[in-house]
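K.L.:
Fold the following and give me the result.
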Amino acid sequence: MSADVRRSIAFSAAERYALIVIGFANTVILARLLTPQDFGVLAIATSLVVLADVFRDFGTGNYLVQLGQLGVHQLRSAFTAVFATSVLCALVLLLATPIMISFYGDARFWQLMPLFAVNMILGPFSVPGTSLLRRKLAFDALAGIGLLGACVNFAVVIVLASHGYGVMSLGWGTLAASMVRVVTVWIVQPCFTAFRFSVRGWKNPLEFGIVSTATAILNVLYESLPQLIIGRSIGLTAVGLFGRATSLCQLPDRLVISALSPVLLPALSRQTRAGIDLKPSYLLALTYMSALQWPIVLCLALLAEPAVLILYGEQWKEVAPLVRIMAIAALAMFPAFMTYPTLVALGRIRDTLWMSLISLPPSMLLVLVASPFGVEAVTATQIVSAPIQVFIAVSFIRRRIDVSWNEIAAAVGRSAIVALFSATAPALLIVWQGGFSFDIAYPALACAIAGAGAGWLAGIGLTGHPLFDELKNGLKFLGRRVRLWPS
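P.N.:
As a prediction, this is how the structure comes out:
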């Protein structure tokens, strides 16, 4: 791993972990200020907004990042495309609002959706600058921009929610954060010449955008479908429960994958332009990811009850069984984060669409079949669908970088041992308690978490895991920085 990639990952990780802290505080406070029905309304609105945002983005940022040569004409064409789709998506959100009110019987959608529509139109004005920063691996600047926006969002949401604005506080917070991010990008990476309409060289970005958007829409539809079905057949309260469980189970992604994902495509694209084989990077990434994700997911499955109680409070106890099911299903998903950036860096954006067309429809069908049996049945479909999706994704990767299943198994073998070491202390606590329980004493819980961390360190050390060397290098780097710090 090159020094600039390590530096980029470090800044990206610092940003993501700071965002997790802010998000944690935001969640803890809002779980006590808002009701499950408020979160249900937000989940339904967000499902439509996320789907619209996928179409609005049109793959523009990733297209600019992976281009071999990037000039002002490509920037202008990309801005033109993303601005046109943004205006169209904003109109769709406004037109869809009466339908949502009629379908779900809640007039608050008419308050939320105009804010999200305005936010949609703001997006294109940060795309050129952000893409240039990503190409340069300037993740220190990107981290600062992201953190400033998150702090603004947090402040606006908490102030408004505490004054009784309910779910509307989340809409105003999102809009305020977007405005701050746009202005900050203009200051850090000014490229105002890009804000001119142009269709020169339109064919390549259009083709990339169509394929990328179709792939993303399929994935967003799959992610949103359970909440949309639950909201219609069971109720908005059940949507709130499912959404809270999903948020908690996405914690490993926010801890690990979200720190790596922004760096992966620019770094892999740079390697491809230099003619470097991506196979070693792919296998090393799976080695690292499995050693980081598996221990967190296993511990979350074992400690779902206290995690829900601490994070959300007493009114959300029904979330715990959903969290355990989702966490078990997530064990299979460790290679997923490398699929899209690897294929796009290799110029195989079409493969991402075919992969989604093959894997997602059966998963959607499982959700539809399970929906009459309740929210736990819908959640349990992930245990079946996750391995299917990963198998298909890795099969596409194997066609492009000539990697075998045996090589993948060898890359993650030591990580399985690390995960077992990490889960030992939480498992012993569950046995001592006599099963899963909300009544775990905080001192015992703290000992289990500390034991999980100690087990993880012991596992990577005893197995000679490559992550152990990275950890030592990181500690040496911090030591040098501390010695150089002025006294």
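K.L.:
From Val50, how far off is the closest residue to Val384 other than its chain neighbours?
P.N.:
Excluding the flanking residues, the one nearest Val384 by C-beta to C-beta, 6 or more residues apart in numbering is Leu366, at 6.2 Å. Using the backbone N, CA and C atoms, a C-beta is placed for each residue, glycine as well. Leu366 sits 21 Å away from Val50, going by C-beta to C-beta, to the nearest Å.
K.L.:
that older thread, quick one, what contacts the residue nearest to Val384?
P.N.:
For Leu366, the contacting residues are Thr381, Val384, Ser385, by C-beta atoms under 8 Å, 6 or more residues apart in numbering.
K.L.:
was I right about Asn178 contacting Pro124?
P.N.:
Small correction: residue 178 is Ser, not Asn. No - using C-beta atoms under 8 Å, Ser178 makes no contact with Pro124, being 11.3 Å away.
K.L.:
If you count surrounding residues, which of these two has more?
P.N.:
Using other C-beta atoms under 10 Å, the more surrounded residue of Ser178 and Pro124 is Pro124, with 25 against 21.
K.L.:
OK, contacts around that one?
P.N.:
Counting by C-beta under 8 Å, 6+ apart, Pro124 touches Phe79, Val82, Phe83, Ser86.
K.L.:
just Val41 next, same as before
P.N.:
Applying C-beta under 8 Å, 6+ apart to Val41 gives the contacts Tyr104, Asp106, Arg108, Phe109, Leu112, Val167, Leu236.
K.L.:
Can you select the buried ones from those residues in PyMOL?
P.N.:
The buried residues among the contacts of Val41 can be selected in PyMOL (16 or more other C-beta atoms under 10 Å) with this line:
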select buried, resi 104+106+108+109+112+167+236
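K.L.:
just the contacts of Val41 now: which is nearest Pro36?
P.N.:
Proximity of these to Pro36 (C-beta to C-beta) peaks at Leu236, which lies at 7.7 Å.
K.L.:
Check what pLDDT the closest one gets.
P.N.:
On the pLDDT scale, Leu236 is placed at 72.
K.L.:
Could you tell me how many residues sit around the nearest residue to it once chain neighbours are set aside?
P.N.:
Counting by C-beta to C-beta, 6+ apart, Leu236 lies nearest to Gly40, which is 3.2 Å off, once chain neighbours are set aside. Burial of Gly40 is recorded as 25 neighbouring residues (other C-beta under 10 Å).
K.L.:
Report the buried residues of the helix or strand hosting Gly40.
P.N.:
Secondary structure from DSSP states H and E places Gly40 in helix 36-57. Neighbour counts over helix 36-57 (16+ other C-beta under 10 Å) mark 36-49, 51-57 as buried.
K.L.:
quick revisit: next, the contact list for the residue nearest to Leu236, please.
P.N.:
Contacts of Gly40 by C-beta under 8 Å, 6+ apart are Gly231, Gly235, Leu236, Thr237, Ala238, Val239, Gly240, Gly243.
K.L.:
I'd like these written out as JSON lines, with distance to Gly313 and secondary structure added.
P.N.:
Supplementary listing: the contacts of Gly40 in JSON lines, determined by distance: C-beta to C-beta, whole Å; DSSP: H, G, I helix; E, B strand; the rest coil:
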{"residue": "Gly231", "distance to Gly313": "22", "secondary structure": "helix"}
{"residue": "Gly235", "distance to Gly313": "20", "secondary structure": "coil"}
{"residue": "Leu236", "distance to Gly313": "19", "secondary structure": "helix"}
{"residue": "Thr237", "distance to Gly313": "15", "secondary structure": "helix"}
{"residue": "Ala238", "distance to Gly313": "18", "secondary structure": "helix"}
{"residue": "Val239", "distance to Gly313": "18", "secondary structure": "helix"}
{"residue": "Gly240", "distance to Gly313": "13", "secondary structure": "helix"}
{"residue": "Gly243", "distance to Gly313": "15", "secondary structure": "helix"}
